[in-house]
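In: got a predicted model here, sequence first, then my questions.
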2 protein chains.
Amino acid sequence: MVYKKVAIFGVGLVGGSIGLALKERKLTEEVIGVSRRLETLKKARALKLIDSYTLDPKEAFSGADLIVLAAPPAAVIGLLKTGLDFLEGRYIITDACSTKKKIVSAADDFLPETIFFVGGHPIAGSEKSGPEAATADLFEDRVTILTPTSKTDPAALETVRKLWENLGSRVFLLSPSEHDRILAATSHVPHLLAVIATLLLKRSPFAEKREFVGTGFRDVSRTAAGEPSVWKEVFLTNADNIRKDLTSLERLLAEWKEALERGDGDYIQNVLEEASGFRKTLFSDEEGKE
Amino acid sequence: MVYKKVAIFGVGLVGGSIGLALKERKLTEEVIGVSRRLETLKKARALKLIDSYTLDPKEAFSGADLIVLAAPPAAVIGLLKTGLDFLEGRYIITDACSTKKKIVSAADDFLPETIFFVGGHPIAGSEKSGPEAATADLFEDRVTILTPTSKTDPAALETVRKLWENLGSRVFLLSPSEHDRILAATSHVPHLLAVIATLLLKRSPFAEKREFVGTGFRDVSRTAAGEPSVWKEVFLTNADNIRKDLTSLERLLAEWKEALERGDGDYIQNVLEEASGFRKTLFSDEEGKE
């Protein structure tokens, strides 16, 4: 056992999977869940993702070797802003939010020096959500990004790195702002495009024509089924980077429309080849698995 | 056996799969392939998708009970424009192109009265292409749209309907222009969004950051790997409908950017909920399979 007590704030897909993975891998004697919703805690307990639960962060966190904040950004930021001044002694705390700059700033600004914070983001999700969706292998062979700053304690960073490695993740380090810029392009804007593809169909006169929707649409739109409250906060906490990318996107769309207008097959062919070639390189290692 | 001889023009993913499915289901005594590329024909023959091949449409089509045009739109339109005046007698001919208005117009305009044309589109594809990607079950439990017009011969329509039903498809009828309007929203614009998601990453400073690309991006971008020459023609032959949808898309994007700028969580939450709810309804029957 690596830990005596791990406290997890938020026991949905990510928090629940962390709890389950810790327990299944016998990494901790105890996992205690804490949330603002009793119902979620009860479900997580029934699914054995956690050993016990409480609605009180002080009770959950006190004496924990490690505190993991796995709630959506607003709840995490709200908690960090309390300064966790109910805790006495030294603590190591990390999070699992999909954006990092606002979270890490809140930690830097509000936590006392005895609480060592390390920002984290496991790139492992699903369009499913809630404790029911948790699995023990969610982080296996996935990547987790940690976002240390000049304020980060090196020993705490190593402890958090070990956590994710123990759950099967490969760990990379980025600055919080670098993380948010990259993830806007690799995750947040693609999610928005899935949402937009879905909305265009839904608001068209053909929304009921389910029979004419093929596998292409199914793939493009899949992530749009994701939990709105979670994604809302991703968009709000990474708005500047996403807006910049949307400006590039608007330029691309305008070019494309002009090419369609003048029937420019060469332009269209070139762009499709550029995308197709890159997509094949990106996922060449996964052919056959899909 | 339903047919003595079926001729297939274009023996890639779709044409090859039609040949293989006809042969495996013992629906025809002979499948002959015709293409402008000898290499593709040789591959299709080696893979037993067709029994024989020729580079000469006259030789391929003569005496066929059924002619299927499964090449990209430009090649199909080019062939239809010849009027197939090398054929003598009565023939039934159909196609498998992803857009219908330009194809059906070419058939109506150029084919003699003895050649009965029925436009068709099996909604069954893949980001893979070529004879190597062909499978006998490509059309099973899929939908095929036929697009008869006032000029369509009812008996020919029934023959073509039977073809697709025999290959395992459910058949629906639409007008060519209705087909193209619907498919712009369910397939062509979503494909463009996949291409754009891929391009934005490729042209960003993070194109090499393969390790930070998760399953969301993989799904959204999947169809972008599709064959550029085929998709180019889809865009060119359905340009008007696609441009109209892109105008709606631009409005949505502008709204979204403004909402991000003013930090409007309510707008974002509402739109995400609208998309998420609709996406879940659309594919509720496929949960667990994915």
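Out: Cool, got the structure. Worth saying up front: this structure is predicted, and the values here are computed from it rather than measured.
In: before we move on, which element is A:Glu233 in?
Out: Taking DSSP states H and E as the definition, one finds A:Glu233 inside helix A:228-237.
In: list of residues touching that helix?
Out: By C-beta atoms under 8 Å, 6 or more residues apart in numbering or on different chains, the residues outside helix A:228-237 that reach it are A:72-74, A:97-99, A:101-103, A:129, A:188, A:191-192, A:242, B:260, B:263, B:265, B:268-269, B:272-273, B:276. In short, each C-beta sits where N, CA and C put it, glycine included.
In: try stretch A:164-175
Out: Here stretch A:164-175 has contacts from A:2, A:18, A:21-22, A:25, A:27, A:120, A:122, A:124, A:137, A:139-149, A:161, A:182, B:211-212, using C-beta under 8 Å, 6+ apart.
In: which of the residues you listed fall within helices?
Out: A:18, A:21-22, A:161, A:182 (DSSP state H).
In: what pLDDT does the model give the residue in the stretch 101-250 of chain A that chain B sits nearest to?
Out: Relative to chain B, the nearest point of the stretch 101-250 of chain A is A:Pro228 (3.6 Å; C-beta to the nearest C-beta). At A:Pro228, the model reports a pLDDT of 94.
In: and it, how far is that from B:Arg279?
Out: Distance of A:Pro228 to B:Arg279, given as C-beta to C-beta, to the nearest Å: 11 Å.
In: neighbour-wise, which of these two wins?
Out: For A:Pro228 and B:Arg279, the more surrounded residue by other C-beta atoms under 10 Å in any protein chain shown is B:Arg279, and the numbers stand at 26 against 21.
In: isn't that one right next to A:Asp219, touching?
Out: No. The criterion here is C-beta atoms under 8 Å, and B:Arg279 misses it with A:Asp219 at 11.8 Å.
In: low-confidence ranges in the stretch 101-250 of chain A?
Out: By pLDDT under 70, the stretch 101-250 of chain A has no low-scoring segment.
In: what about the helices in it?
Out: With DSSP state H, counting those that start in this stretch, the ranges of helices along the stretch 101-250 of chain A come out as A:101-110, A:154-166, A:176-183, A:189-202, A:215-221, A:228-237, A:239-261.
In: show residues contacting stretch A:22-35.
Out: With C-beta under 8 Å, 6+ apart, stretch A:22-35 has contacts from A:1-11, A:15, A:19, A:21, A:41, A:44-45, A:48-57, A:59-61, A:64-65, A:71, A:136, A:166-167.
In: so how far is that stretch from its chain's centroid?
Out: Distance of stretch A:22-35 from the chain centroid (C-alpha atoms, centre = their mean, to the nearest Å) equals 20 Å.
In: also stretch A:247-259?
Out: On C-alpha atoms, centre = their mean, the centre of stretch A:247-259 falls 29 Å from that of its chain.
In: what residues are bridge-paired with A:Gly33?
Out: In this structure, A:Gly33 bridges to A:Ile8, A:Tyr53 when assessed by DSSP bridges.
In: next one: A:Leu27 from chain B, what distance?
Out: 24 Å (C-beta to the nearest C-beta, to the nearest Å).
In: dihedrals phi and psi, A:Ile92?
Out: With angles defined as degrees, to the nearest 10, A:Ile92 sits at phi -110, psi 130.
In: got the contact list for it?
Out: Going by C-beta under 8 Å, 6+ apart, A:Ile92 touches A:65-67, A:116, A:118, A:156, A:159-160.
In: so A:Lys257 makes contact with B:Leu246?
Out: Yes. Checked against C-beta under 8 Å, the pair A:Lys257 and B:Leu246 is within contact range at 5.2 Å.
In: quick one: which of those two has more around it?
Out: Legend: neighbour count by other C-beta under 10 Å for A:Lys257 and B:Leu246, higher for B:Leu246 (19 against 16).
In: for that one, what are its contacts?
Out: So B:Leu246 contacts A:253, A:256-257, A:260, B:189, B:192 (C-beta under 8 Å, 6+ apart).
In: let's see the ChimeraX selection covering just the buried ones among the contacts of stretch A:22-35.
Out: Buried residues within the contacts of stretch A:22-35, by 16 or more other C-beta atoms under 10 Å in any protein chain shown, are selected in ChimeraX with:
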select /A:2,3,5,6,7,8,9,10,11,15,19,21,41,44,45,49,50,51,53,54,57,60,61,64,65,71,136,166,167
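In: how about the strands in the stretch 1-150 of chain A?
Out: Ranges of strands in the stretch 1-150 of chain A, per DSSP state E, counting those that start in this stretch, are A:3-9, A:28-34, A:52-54, A:66-69, A:91-95, A:115-118, A:120-123, A:143-146.
In: what does the model give the closest residue to A:Asp95 other than its chain neighbours for pLDDT?
Out: Excluding its sequence neighbours, the residue lying closest to A:Asp95 (C-beta to C-beta, 6 or more residues apart in numbering or on different chains) is A:Leu69, at 4.0 Å. Looking at A:Leu69, its pLDDT is 98.
In: all set now, cheers.
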